[in-house]
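Trainee: next comes the sequence, and after it the predicted model I'd like to discuss.
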Amino acid sequence: LTAGHWACEATLWTEWVHFGSLLASSDCTLLFMDADRFQRFATSSGNKCAVRYCEAFISALNVVAQEDLTDLADPSMDIEQMAYEACPPPLLRHYKRVLSKQSLARR
């Protein structure tokens, strides 16, 4: 992996079995997310962007040949385009406001 890239995104959107071990060859930042909690939040928060992105991600994943599945970023999947189509800028601004209000209400 290089700066700005990530691994194991599929675990956030679907049942997933990892393909091996990932070792760092230099200092890096590791972020661990509980996939079950993330999925519950993404689907219960009213964030249609997350749901649309999930659907696009799974659709793209389902056309990858089984022998080509990977824990790393798949170059055949245009993640930025999927994210843009799932949540174009006007919707993104709206959902950021909604999620911010929900976050403040939980404090």
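Mentor: Thanks, I have it.
Trainee: so what's residue 12 scoring on pLDDT?
Mentor: With respect to pLDDT, residue 12 scores 90.
Trainee: same question, residue 90
Mentor: 72.
Trainee: and for it, the neighbour number?
Mentor: Residue 90 is flanked by 7 other residues according to other C-beta atoms under 10 Å. From N, CA and C alone the C-beta is placed, and that goes for glycine too.
Trainee: and it, that one's in a helix?
Mentor: Yes - the assignment for residue 90 is a helix, going by DSSP: H, G, I helix; E, B strand; the rest coil.
Trainee: that one and residue 49, how far apart?
Mentor: 11 Å (C-beta to C-beta, to the nearest Å).
Trainee: also residue 82?
Mentor: 11 Å.
Trainee: cool, and residue 60?
Mentor: 16 Å.
Trainee: higher neighbour count, those two?
Mentor: Between residue 60 and residue 49, residue 49 has the larger neighbour count (other C-beta under 10 Å), namely 19 against 15.
Trainee: tell me the phi and psi of the more buried one?
Mentor: Dihedral pair for residue 49: phi -60, psi -50, per degrees, to the nearest 10.
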